[in-house]
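[1] the following comprises the amino acid sequence and a computationally predicted model.
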Amino acid sequence: MIEIDNKIVSLDILREAFACDLGKCRGICCVEGDSGAPLDIDEVDILEDEWENYSPYMTEEGRKAVEEQGFMVVDVDGDYTTPLVDNAACAYAFEEDGITFCAIERAYREGKCSFLKPISCHLYPIRVARFRNGSVGLNYHRWAVCGSARECGKLLGVPVYKGLREPIIRAFGEEFYKQLELAEDMVKEMK
């Protein structure tokens with residue numbers, strides 16, 4: 001672990017390889033799991049405000065799940081998460097040509113929505129833990145469904161944080177990303 005700007009960063013984020021490979025995983029991360037994607041409380045309001053913009057991209061079942069459960073649910077750990085369809089797929093997901101995509105992100109990419117998608121989805125496989133003292137922990141989450149991403153990352157030589165440059169900057173800023181680059185150099189020297 002290293003500390004950068006009051007953030008405790010797992011060295012695995014700098015050492016491990018990861019690059020999403022939708023051709024192999026088919027977006028299964030939006031379908032598998034015990035609960036929906038984690039949400040920040042401010043994202044719930046954004047999801048509600050942007051509903052009319054991204055809901056046309058959702059499945060009928062997804063829209064129904066949101067109408068019945070709300071824009072978020074509280075999971076067994078007490079965390080805010082996206083609602084699910086039949087305890088499986090994220091309500092905001094849809095399938096196209098056998099690959100699962102995010103309706104919110106599709107609406108954003110087509111200029112219909114100002115919200116890209118929940119930051120937890122954008123940052124995955126980095127999971128963020130917030131502590132009472134105000135510090136933040138960034139951990140590398142290993143999930144069996146992402147085996148192809150680990151293989152692809154190794155093949156391309158892409159560390160987790162480099163594959164996640166855009167979401168890291170979105171969440172923590174350009175300067176924090178530059179500090180990760182410097183930290184990677186220091187970690188390489190330690191070997």
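    Everything's here; your move. Only a predicted model underlies this, so the values are computations on that prediction, with no experimental measurement involved.
[2] which stretches in the chain count as strands?
    Under the criterion DSSP state E, strands of the chain are mapped to 2-4, 7-9, 73-74, 80-81, 84-85, 89-90, 93-96, 99-102, 126-130, 136-140.
[3] so what touches the fifth one?
    Looking back up the chat, that one is strand 84-85. Residues lying outside strand 84-85 but in contact with it, judged by C-beta atoms under 8 Å, 6 or more residues apart in numbering, are Ser35, Gly36, Thr59, Glu61, Gly62, Ala65, Val73, Cys90, Ala91. The C-beta positions use only the backbone N, C-alpha and C, and glycine is treated the same way.
[4] for the last one, same thing?
    Around strand 136-140, the neighbours that count as contacts under C-beta under 8 Å, 6+ apart are 6-10, 12-13, 16, 18, 125-131, 160.
[5] which secondary structure elements does the helix ranked longest in the chain contact?
    Longest helix in the chain by number of residues (criterion: DSSP state H): helix 174-190. Helices and strands in packing contact with helix 174-190 are listed as strand 2-4, strand 7-9, helix 12-15, helix 160-163, helix 165-172; criterion 3 or more C-beta pairs under 8 Å, 6 or more residues apart in numbering; DSSP states H and E.
[6] 6 Å - rerun?
    Under the contact criterion of 3 or more C-beta pairs under 6 Å, 6 or more residues apart in numbering; DSSP states H and E, helix 174-190 touches helix 12-15.
[7] what about the closest residue to Gln179 other than its chain neighbours, neighbour count?
    Nearest residue to Gln179, sequence neighbours excluded (C-beta to C-beta, 6 or more residues apart in numbering): Ile4, at 4.6 Å. Other residues within reach of Ile4 by the criterion other C-beta atoms under 10 Å amount to 17.
[8] any idea which of the strands of the chain gets closest to Lys24?
    Ranking the strands of the chain by distance to Lys24, with C-beta to C-beta as the measure, places strand 99-102 first at 10.3 Å.
[9] show the low-confidence segments of the chain, by residue range.
    Judged by pLDDT under 70, the chain has its weakly predicted residues at 188-191.
[10] run the last query once more with 80
    Per-residue confidence of the chain (counting by pLDDT under 80) places the weak regions at 33-34, 185-191.
[11] let's check: the centremost residue of it is which one?
    The residue lying closest to the centre of the chain (C-alpha atoms, centre = their mean) is Cys121, at 1.8 Å.
[12] state the distance from it to Glu3.
    Using C-beta to C-beta, to the nearest Å, we find Cys121 at a distance of 26 Å from Glu3.
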